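# just to be clear, the model below is a prediction. Sequence and coordinates:
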Amino acid sequence: MNPTIAYIMKKPANREVDRLVIPGMMPVVMNDEKREPRLALVVEGIEVFEIPGWEEFYSVSKCGRVWSHERRVRSRGGTRLKRGRWLRPSTAGDGYLMVVLCRSPEQVTRYIHRVVARMFLGETPEGMEIDHIDRDRANGSLSNLRYVTSSQNKMNSKLRKDNASGAKGVCWNKNSQKWMAYVKREGVGIHLGYFEDKGDAIRARDEAARKVHGEFAVLNNQ
């Protein structure tokens, strides 16, 4: 069954004046004003916005779904109509979702969360990174993305796979034969003390994390 599509009337853009498009790359905005995302279609009730540099080919929604526009493509003996469809993303080795964008003879891979963040949040500020608020790298929706510092991004992270204690900021100290609690701020460890009981160490760490990390604190009971 074909998806329900609502077409949006658009004013022509003077792309030669306000943007420089380099094949296979996102456009560079030449004026000082932030370019608002341009609505392309409404597909199955979902608004999709033109991906800069790929306007006639691909659009993306605020929930991170990429739509491939209906268009004519080359085939044996001439051309054929390629119907519009949602792209099926693949998962990179680092856990982020990505899609392949194609237009002859180009074929480039784009991380979905980077496309969404750049379009709706603007260019990444110098010295900042994209953070997934719920710590799920596969969730590239706009509501789950924000620009943060590298330190803040590390605060809002999952438990490392090589963590032996099963708790963030808690480890077994062989010398004291006790549980040691700590938090990090700007890459520097803050020692919170040694504890006979692991639960006490976890509570001390989480209480300190609330104060030091604020809204970026990830607690062990979450």
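Received it, and whenever you're ready, just let me know what you need. Model, not experiment: these values are computed from the prediction.
# switch to C-alpha atoms for all contacts and neighbour counts from now on
Will do.
# packing partners for the biggest helix by length in the chain?
Counting by DSSP state H, the longest helix found in the chain is helix 198-213. Under the contact criterion of 3 or more CA pairs under 8 Å, 6 or more residues apart in numbering; DSSP states H and E, helix 198-213 touches strand 170-173, strand 178-185, strand 188-195.
# what residues go with each domain of this structure?
5-151, 158-216 (automatic domain parsing).
# which of those has the lowest mean pLDDT?
Lowest mean pLDDT within those: domain 5-151, at a mean of 83.
# helices of the chain, residue ranges please.
15-18, 112-121, 150-155, 198-213.
# before we move on, back to that, now for the helices and strands packed on helix 198-213, which one comes closest to Arg210?
Nearest to Arg210, of all these, is strand 178-185, at 10.1 Å by CA to CA.
# pairing partners for that closest one, with directions?
Strand pairing for strand 178-185, determined by DSSP bridges: strand 170-173 (antiparallel), strand 188-195 (antiparallel).
# which stretch among the helices and strands packed on helix 198-213 comes nearest Leu142?
So among those, strand 178-185 is nearest, using CA to CA, at 27.2 Å.
# now do the closest one and helix 198-213, the angle between them.
Counting by axes from the mean of the first three to the mean of the last three CA atoms, to 10 degrees, strand 178-185 lies at 10 degrees to helix 198-213.
# and strand 178-185, which residues are buried?
178-184 (16 or more other CA atoms under 10 Å).
# for the strands paired with strand 178-185, which one sits closest to Phe120?
strand 188-195 (33.2 Å).
# so how far is that closest one from its chain's centroid?
With CA atoms, centre = their mean, to the nearest Å as the basis, strand 188-195 stands 32 Å off its chain's centre.
# now do stretch 200-210
Its chain's C-alpha centre and that of stretch 200-210 lie 29 Å apart, by CA atoms, centre = their mean.
# now tell me what touches that stretch from outside.
Contacts with stretch 200-210, where a contact means CA atoms under 8 Å, 6 or more residues apart in numbering, come from 167-170, 179-183, 192, 194-195, 217-220.
# apply 10 Å and report the result again.
Stretch 200-210 is contacted from outside by 155, 167-171, 178-185, 190-195, 198-199, 212-221, using CA atoms under 10 Å, 6 or more residues apart in numbering.
# circling back: may I see the buried residues of the longest helix of the chain?
Quick answer for helix 198-213 (16+ other CA under 10 Å): 198, 201-206, 208-209, 212-213.
# out of the helices and strands packed on helix 198-213, nearest to Arg88?
Closest among these, using CA to CA: strand 178-185, at 38.4 Å.
# how about the CA coordinates for the closest one, as PDB?
What follows is strand 178-185 as a C-alpha-only set of coordinates in PDB (Å, rounded to 0.1, in the frame of the first residue of the first chain):
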ATOM      1  CA  LYS A 178      36.700  -1.500  50.900                       C
ATOM      2  CA  TRP A 179      34.500   0.000  48.200                       C
ATOM      3  CA  MET A 180      35.700   3.300  47.000                       C
ATOM      4  CA  ALA A 181      33.300   6.000  45.600                       C
ATOM      5  CA  TYR A 182      34.200   8.900  43.300                       C
ATOM      6  CA  VAL A 183      32.800  11.200  40.700                       C
ATOM      7  CA  LYS A 184      34.500  13.000  37.800                       C
ATOM      8  CA  ARG A 185      34.300  16.700  37.000                       C
END
